[in-house]
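In: here is a sequence with its predicted model. Questions after.
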Amino acid sequence: MIEIVSTSACIACDVCITVCPTDVFDRGDDGIPVIARQSDCQTCFMCEAYCPVDALYVSPVSAPAGPDSPHSDEATVIRHGLPGGYREMVGWGRGRTSGALRDRNPLLKAVPPLPESRLPAPAPLADSPWNHPSG
Ligand code: SF4
Ligand code: SF4
């Protein structure tokens, strides 16, 4: 569950507010997101994965950590290098290798890639109605 927005690290980019599927954040007057509806958090880690400056911490526990928990203490979480840990694990961010490329799941590795000839040829951009400017 989302526990921490680091006000000192946040650059007020709004990305976490946009990607959160359950609208947990409100934008504060200073642009820093505020955890407004913590109980709606699904512990999906999307906000942490997308935050470009590792300003968020999502606890792996799917319930509020509470004021006495190390999961809600920013200094402790930073000391353990946890903010942005999910983003690092999945390999998002400059200079990292995608987690999909590092995957060693033998089942997934056993599935051969589709031959390219079975993939439909992509439509030319100009022919797609999705690319036409509206109005
Ligand atoms: S973990 Fe998911 S549901 Fe929770 S605040 Fe982040 S994006 Fe929203
Ligand atoms: S994604 Fe990170 S930097 Fe951007 S508003 Fe959210 S906490 Fe701040």
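Out: Noted; the coordinates are in hand. Ligands and ions are numbered 1, 2, ... in the order given.
In: so Thr7 touches Ile32, yeah?
Out: Yes. With contact defined as Cβ atoms under 8 Å, Thr7 reaches Ile32; the gap is 5.3 Å. For the C-beta atoms, the positions are set from N, CA and C on the backbone; glycine is no exception.
In: neighbour-wise, which of the two wins?
Out: Neighbour count, other Cβ atoms under 10 Å: between Thr7 and Ile32, Ile32 has more, with 17 against 14.
In: so the more buried one makes contact with Ser8?
Out: No. The pair Ile32 / Ser8 is not scored as a contact, 9.7 Å apart, by Cβ under 8 Å.
In: hey, what's Asp26 bridged with?
Out: Counting by DSSP bridges, Asp26 forms beta bridges with Val34.
In: got the contact list for it?
Out: Residues near Asp26 by Cβ atoms under 8 Å, 6 or more residues apart in numbering: 17, 33-34, 36.
In: ok, of those, which come out buried?
Out: 17, 33 (16 or more other Cβ atoms under 10 Å).
In: the contacts of Asp26: which ones sit near ligand 2?
Out: Restricting the contacts of Asp26 to those touching ligand 2 (Cβ under 6 Å from any ligand atom) yields Pro33.
In: mind putting the contacts of Asp26 in a markdown table, pLDDT included?
Out: Shown next, in a markdown table, are the contacts of Asp26 (pLDDT from 0 to 100):
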| residue | pLDDT |
| --- | --- |
| Ile17 | 97 |
| Pro33 | 98 |
| Val34 | 98 |
| Ala36 | 98 |
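In: could you dump the contacts of Asp26 into CSV and include distance to ligand 1?
Out: Compiled in CSV, these are given as follows (distance: Cβ to the nearest ligand atom, whole Å):
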residue, distance to ligand 1
Ile17, 9
Pro33, 9
Val34, 11
Ala36, 10
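In: tell me the confidence at Ala12?
Out: With respect to pLDDT, Ala12 has a value of 97.
In: secondary structure element for Leu82?
Out: In the assignment (DSSP states H and E), Leu82 maps to no helix and no strand.
In: my guess is it contacts Tyr57. True?
Out: Yes. Between Leu82 and Tyr57 there is a contact under Cβ under 8 Å: 5.8 Å.
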